[in-house]
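*Asks:* Using only what follows, build the 3D model:
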Amino acid sequence: MLKIAIDGAVLLKPLTGVGYYWSGILERLVDKLADDEKLLIYTFYWKNYQNRAIELKKKFGNLIVEKRFPERYIEFISKFYDISKILDNPDIIHYTSLKFPVIKNRKIYTIYDISFLENEIFHLAKVRKKHIMALKKIINDSASEIITISNFTKRQLIEKLQILEKRINVIYPVLNADVKINNYQETELNALLKKYNIRRPFILYNGTIEPRKNIVKMIEAYKTTKAYQNKTQLIITGKYGWCCDEIFSALSEYDKSLIIFTGYIEREELIKLYNSALFFIYISLYEGFGLPVIEAFGCGCPVITSDIEVIKEITDNAALLVNPEDLDDIKTKIDLMYENENIRNNYIKLGLQRAEFYKTDNSVMQLLSLYRKSKL
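*Replies:* Below is the predicted model:
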């Protein structure tokens, strides 16, 4: 009997890249387990997340082990409480965020990136401190396995932190089933566009509003393009992250009829926007993967994105690449994608082909193989 417990905390919050990574994998993993294998997804939450916990219970049924605690105890419990006692003593506990609890069970950790070590502007100081402390303990826990979501992050862990290569497993995301081209009714789309004051054609960005996403430079470049001159809107969706006030201060003069911040939007609405946008732009300075790029591919939306190492890895020439720190290059690529329908059609085709790579069961079987190996 193999019993696996997975930390489901990342599934409770308004989902961003990490949450969708696990949502995509878990949807398939539950169907691959052998009869003598048991999976538990445990969630510790407080009342703010009760509705989301109920949704998870509906989706995964009796796989969910949920415990509600007062908010002030959550951090303590997740770090120091021996959760194996309430999980029927699993063989493996898989931590999906940077934590180092005091337990004796075999552990697997997923490390998505080390942005908190790369640049102090990427995270709050207290967040960086917490992540660094957890990371040091994970490094010293030599019996544990580590999962990363790209070869880029794997190389960083080896080169910058001297983690042994044999401990690190690269497991790419799996696209959720809702990432696809949809033929929506015009009335359905128009209702959504009206809700956010969007008119077609429009350019789309999706991701957290934070410094490393390079929002300010993206807007500065956009304001010099033919798209802006022709009053083609730039729609910016995503939750407001840290330092977003500084971002808005830098953009105090932007045209709110052309540059629209929607805030976090529900998944169904996001998929409709991917399907409706003229093209998608994502010129982040640093990523562990860059899931929105692949989601845009899967919805038939051509993509402009950064020429950084990890994006080159995951896109495999299926996107129009740009230097994210070069305003002229960003402007040129936006104009090129905006004005040339043949180029857009070519990147739609390439993107759809690349998205197929992330729709297989390969990642799920890799993960399951790791669980089975870890029990031995």
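
*Asks:* Who does residue 237 form a beta bridge with?
*Replies:* residue 206, residue 263 (DSSP bridges).

*Asks:* partners of the lengthiest strand in the chain, with directions?
*Replies:* In the chain, taking DSSP state E as the definition, the longest strand is strand 37-45. Paired neighbours of strand 37-45 in the sheet (DSSP bridges): strand 2-7 (parallel), strand 64-68 (parallel).

*Asks:* closest to residue 350 out of those?
*Replies:* Closest to residue 350 of the strands paired with strand 37-45, according to Cβ to Cβ: strand 2-7, at 33.9 Å. Quick note: C-beta positions are derived from backbone N, CA and C, even for glycine.

*Asks:* So which residues of the stretch 51-200 of the chain form strands?
*Replies:* 64-68, 92-95, 106-110, 145-148, 168-170 (DSSP state E, counting those that start in this stretch).

*Asks:* Adding distance to residue 353, mean neighbour count and mean pLDDT, write the ones you listed out as JSON lines.
*Replies:* Formatted as JSON lines, the strands of the stretch 51-200 of the chain follow (distance: least, Cβ to Cβ, whole Å; neighbours: other Cβ atoms under 10 Å; pLDDT from 0 to 100):
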{"stretch": "strand 64-68", "distance to residue 353": "36", "mean neighbour count": "16", "mean pLDDT": "70"}
{"stretch": "strand 92-95", "distance to residue 353": "32", "mean neighbour count": "22", "mean pLDDT": "90"}
{"stretch": "strand 106-110", "distance to residue 353": "28", "mean neighbour count": "21", "mean pLDDT": "89"}
{"stretch": "strand 145-148", "distance to residue 353": "25", "mean neighbour count": "22", "mean pLDDT": "94"}
{"stretch": "strand 168-170", "distance to residue 353": "21", "mean neighbour count": "17", "mean pLDDT": "96"}
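
*Asks:* out of those, nearest to residue 357?
*Replies:* Among the strands of the stretch 51-200 of the chain, strand 168-170 sits nearest to residue 357 (Cβ to Cβ), with 13.6 Å.

*Asks:* Just the C-alpha atoms of the helix or strand where residue 333 lies, please, in PDB.
*Replies:* Element membership for residue 333, per DSSP states H and E: helix 327-339. Presented in PDB, the C-alpha positions along helix 327-339 are these (Å, rounded to 0.1, in the frame of the first residue of the first chain):
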ATOM      1  CA  LEU A 327      11.800  49.600 -25.300                       C
ATOM      2  CA  ASP A 328      12.500  49.800 -29.000                       C
ATOM      3  CA  ASP A 329      12.500  46.100 -29.400                       C
ATOM      4  CA  ILE A 330       9.300  45.700 -27.500                       C
ATOM      5  CA  LYS A 331       7.700  48.400 -29.600                       C
ATOM      6  CA  THR A 332       8.900  46.900 -32.900                       C
ATOM      7  CA  LYS A 333       7.600  43.400 -32.000                       C
ATOM      8  CA  ILE A 334       4.200  44.800 -30.900                       C
ATOM      9  CA  ASP A 335       3.900  46.700 -34.200                       C
ATOM     10  CA  LEU A 336       5.000  43.600 -36.200                       C
ATOM     11  CA  MET A 337       2.400  41.300 -34.500                       C
ATOM     12  CA  TYR A 338      -0.300  44.000 -34.600                       C
ATOM     13  CA  GLU A 339       0.100  44.800 -38.300                       C
END
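
*Asks:* Would you mind pulling the contact partners of the helix or strand that that helix is followed by?
*Replies:* Going down the chain from helix 327-339, the next helix or strand is helix 341-357, by DSSP H and E. Residues from elsewhere that reach helix 341-357, judged by Cβ atoms under 8 Å, 6 or more residues apart in numbering: 175, 179, 181, 278-279, 294, 296-298, 300-303, 315-320, 336-337.

*Asks:* Where in the chain is the helix or strand with the lowest mean pLDDT?
*Replies:* Ranked by mean pLDDT, DSSP states H and E, the weakest helix or strand in the chain is helix 71-80, scoring a mean of 63.

*Asks:* what's the span of stretch 225-236 from first residue to last?
*Replies:* For stretch 225-236, the first-to-last residue distance is 17 Å (Cα to Cα, to the nearest Å).

*Asks:* One more: stretch 302-319?
*Replies:* 7 Å.

*Asks:* pLDDT of that stretch, averaged?
*Replies:* The average pLDDT within stretch 302-319 is 98.

*Asks:* just how off-centre is it within its chain?
*Replies:* 15 Å (Cα atoms, centre = their mean, to the nearest Å).

*Asks:* Now do the buried residues in that stretch.
*Replies:* By neighbour count on 16 or more other Cβ atoms under 10 Å, the buried set for stretch 302-319 is 302-308, 310-311, 313-315, 318-319.

*Asks:* Equivalent analysis for stretch 25-38, please.
*Replies:* 25, 26, 28, 29, 37, 38.

*Asks:* Looking at the residues you listed, spot the one nearest residue 371.
*Replies:* The closest of the buried residues of stretch 25-38, once distances to residue 371 are taken by Cβ to Cβ, is residue 37, at 8.0 Å.

*Asks:* For that closest one, give me its contacts.
*Replies:* 1, 2, 3, 4, 371.

*Asks:* and the fourth one, how many neighbours does it have?
*Replies:* Residues lying near residue 4 (other Cβ atoms under 10 Å) number 25.
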